[in-house]
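# for reference, the sequence and a predicted model appear below.
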Amino acid sequence: MSFDLIVRHANLADDRTDIDIAVSGGKIVAVERNIEGEAGRVIDAGGRLVSAPFIDIHFHMDATLSLGTPRLNRSGTLLEGIQLWGELKPLLTKEAVIERALKYCDLAVAQGLLAVRSHVDVCDDRLVGVEALLEVKDLVKDYLDLQLVAFPQDGFYRSPTAAKNLIRSLDMGVDVVGGIPHFERTMEDGRLSVKALCEIAAERGLLVDLHCDETDDPLSRHIETLAYETQRLGLQGRVAGSHLTSMHSMDNYYASKLLPLIAEADIQCIPNPLANIVLQGRHDTYPKRRGMMRVPELMALGVNVALGQDSCMDPWYSFGNADMLEVAHMAVHTGHMTSRDAVKACFQAVTTNPAKTFGLEGYGIAPGCNADFVLIEARDAIEAVRLKAGRLAVVRRGKVISETAPRTASLTLAGRPASIDPWTYAPVEAAG
Ligand code: FE2
């Protein structure tokens, strides 16, 4: 038997070890031990982890890599970030947004991140971001799946032309309906925006993904309305609540009622631990709240939780590296998710869980799936999260589209190894 590509001796994220993966015609055709046959290219995984690609289910590609333009966020708050983005928006050009987004997608590919759901601000009447990212979506489609959310950053009702622009954006081909109920002028406007946005999605057969309750105010309960509207309109499984940080500060009695409602409506929950660990709690003295939704409790109820990066070098967050293992690593810490099973759950929250939220077809390491995967410089999912391990090879539709050399450090220490692999701290060769 002859294949296009065979990966040999791979460990998989579901804990199977020493597995071969055979690829033909851009699809995985076999996943088993000791596959017989030849291939145009053979990759020896050598007992390292091969995973389906990383997915970032919450990102802002229209703002990425704009850090410092026109100035830095001095207070570090979400509200100053929004204000700063408002100053940058009129200065945006389509060409500049495309250039930054393409640069980011190069980085994403090198990190094995091959699907991104990006919110795109629709409150600029020129719709520069929408035009730019629709073009980027087409330009990158051979190597990265980009899904766009029409996001009225300045409020669906609060911004005078947002409602009209949101519809224009959907007509132009934006995939998902966005919103920001906690930023509307009143609780009531927030509630009405959730209702209106879900109705737009139901009418058009679209998905919903709202920035919802991204605040430390425990009385910000738009998620309750989102769950209700999801049920009322029959949108179960097609609606996402992003951030949901007020859930952190809610009293436990109310949370005990709310979480089952979220599960019942099959709301997709999207925490963004990197951004929210620094954006939330800014009005607190001590103790400072963490501003994270209740991830382990939601997972225990069977809710599909998918982690997002949210930002990378933009008005809200001056760090980030398109590294979804870094996101999972932060989720482990912010959610006290340090048990073996919980770390694995965080790995799934940057791979299989967001694939469901995104609606990606042919995702996974199984016969019939697209031949998209990442060879990671770690032996298993837990080690990958611990080390934020390197991506040695990234494969899309059976072709290697990125390769990174393994890292080694040379040491000159008497009696110690001459070099080590700094990812695993294993000696690469004996001391001479
Ligand atoms: Fe966001």
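Sure, I can see it.
# show me the helices in this structure, by range?
78-88, 94-110, 128-140, 162-172, 187-204, 222-232, 246-249, 252-264, 273-279, 295-300, 324-334, 340-348, 352-358, 381-387 (DSSP state H).
# mind checking how far the last one is from the chain centre?
The chain centroid and the centroid of helix 381-387 are separated by 17 Å, computed with Cα atoms, centre = their mean, to the nearest Å.
# ok, back up a step: got the helices of the chain as TSV, with distance to Ala366 columns?
(C-beta placed from N, C-alpha, C; glycine too.) Below are the helices of the chain laid out as TSV (distance: least, Cβ to Cβ, whole Å):
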stretch	distance to Ala366
helix 78-88	40
helix 94-110	23
helix 128-140	25
helix 162-172	34
helix 187-204	31
helix 222-232	30
helix 246-249	34
helix 252-264	27
helix 273-279	29
helix 295-300	23
helix 324-334	21
helix 340-348	15
helix 352-358	11
helix 381-387	17
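# which of those helices sits closest to Gly179?
helix 187-204 (4.4 Å; Cβ to Cβ).
# give the buried residues for stretch 392-404.
Along stretch 392-404, these residues count as buried under the neighbour rule (16 or more other Cβ atoms under 10 Å): Leu392, Ala393, Val394, Val395, Arg396, Arg397, Gly398, Lys399, Ile401, Ser402.
# re the thing from before, which one, of the helices of the chain, ends up nearest to Ser2?
Among the helices of the chain, the nearest to Ser2 by Cβ to Cβ is helix 94-110 (27.8 Å).
# and that closest one, what does it pack onto?
When contacts are defined as 3 or more Cβ pairs under 8 Å, 6 or more residues apart in numbering; DSSP states H and E, helix 94-110 packs onto strand 113-121, helix 128-140, strand 391-396, strand 399-403.
# report how many residues lie close to the closest residue to Lys344 other than its chain neighbours.
Closest residue to Lys344 apart from its sequence neighbours, by Cβ to Cβ, 6 or more residues apart in numbering: Ala381 at 5.4 Å. For Ala381, the number of neighbouring residues by other Cβ atoms under 10 Å comes to 27.
# tell me the contacts of Ala381?
Going by Cβ atoms under 8 Å, 6 or more residues apart in numbering, Ala381 touches Ala13, Leu49, Ser51, Val343, Lys344, Phe347.
# what bridges to the third one?
Spelled out, it's Ser51. Val374 (DSSP bridges).
# can you pull the phi and psi angles for the closest residue to Lys103 other than its chain neighbours?
Take Lys103 and drop its neighbours on the chain: the residue closest to it by Cβ to Cβ, 6+ apart is Leu65, 6.1 Å away. Dihedral pair for Leu65: phi 60, psi 20, per degrees, to the nearest 10.
# pretty sure Leu65 sits against Met313.
Yes. The pair formed by Leu65 and Met313 meets the contact definition of Cβ atoms under 8 Å, at 5.0 Å.
# pLDDT at the spatially most central residue of the chain, what is it?
Centrality entry for the chain: nearest residue to the mean C-alpha point is Asp56, 2.1 Å, by Cα atoms, centre = their mean. On the pLDDT scale, Asp56 is placed at 98.
# and for the one 5 residues further on?
In this model, Met61 is scored at 98, pLDDT.
# equivalent analysis for Pro367, please.
98.
# show me what counts as buried in stretch 401-418.
Quick answer for stretch 401-418 (16+ other Cβ under 10 Å): Ile401, Ser402, Pro417.
# next, the contact list for the second one, please.
Translated: Ser402. Val109, Ala110, Gly112, Arg391, Ala393, Val394.
# and the gap between it and Arg391?
Counting by Cβ to Cβ, to the nearest Å, the gap from Ser402 to Arg391 is 7 Å.
# report the contact partners of the residue nearest to Ile82 when sequence neighbours are not counted.
Leaving aside its chain neighbours, Ile82 sits nearest to Gln153 (6.7 Å; criterion: Cβ to Cβ, 6+ apart). Contacts here follow Cβ under 8 Å, 6+ apart; on that basis Gln153 touches Ile82, Trp85, Asp121, Val122, Cys123, Ser159, Ile180, Phe183.
# by neighbours, which of the residues you listed wins?
Counting neighbours by other Cβ under 10 Å, Val122 leads the contacts of Gln153 with 31 neighbours.
# list the residues that contact the closest residue in space to that residue that isn't next to it in sequence.
Closest residue in space to Val122, ignoring its immediate chain neighbours: Asn165 at 4.3 Å, by Cβ to Cβ, 6+ apart. Contact partners of Asn165, counting by Cβ under 8 Å, 6+ apart, are Val122, Cys123, Asp124, Asp125, Leu127, Pro152.
# in a markdown table, list those residues along with distance to Asn353 and pLDDT.
As requested, the contacts of Asn165 are exported to a markdown table (distance: Cβ to Cβ, whole Å; pLDDT from 0 to 100):
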| residue | distance to Asn353 | pLDDT |
| --- | --- | --- |
| Val122 | 27 | 98 |
| Cys123 | 30 | 95 |
| Asp124 | 32 | 92 |
| Asp125 | 36 | 96 |
| Leu127 | 31 | 97 |
| Pro152 | 26 | 98 |
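# using TSV, lay out those residues together with distance to Arg289.
Formatted as TSV, the contacts of Asn165 follow (distance: Cβ to Cβ, whole Å):
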residue	distance to Arg289
Val122	31
Cys123	29
Asp124	33
Asp125	37
Leu127	36
Pro152	27
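# out of those residues, the closest to Met61 would be?
Val122 (13.8 Å).
# wait, that closest one touches Glu131, no?
No. Val122 is not in contact with Glu131 according to Cβ under 8 Å; the separation is 11.1 Å.
# measure Thr161 to Thr357 for me?
Distance from Thr161 to Thr357, by Cβ to Cβ: 29 Å.
# which one's more surrounded, those two?
Counted by other Cβ under 10 Å, Thr161 and Thr357 do not tie: Thr357 has more neighbours, with 25 against 14.
# in space, what's closest to the more buried one - neighbours in sequence excluded?
In space, and not counting its chain neighbours, Thr357 is closest to Gln268: 4.3 Å by Cβ to Cβ, 6+ apart.
# so what's the one you found bridging to?
Under the criterion used (DSSP bridges), Gln268 bridges to Ala240.
# any idea how many residues pack against it?
25.
# quick check, pLDDT for it.
Reported pLDDT for Gln268: 98.
# now the common contact residues for Ser402 and Arg391.
Counting by Cβ under 8 Å, 6+ apart, the residues touching both Ser402 and Arg391 are Ala110, Gly112.
# contacts only, for the closest residue to Ala405 other than its chain neighbours.
Using Cβ to Cβ, 6+ apart and skipping the chain neighbours, the partner closest in space to Ala405 is Leu392 (8.0 Å). Going by Cβ under 8 Å, 6+ apart, Leu392 touches Arg48, Leu375, Ile376, Glu377, Glu403, Thr404, Ala405, Pro406.
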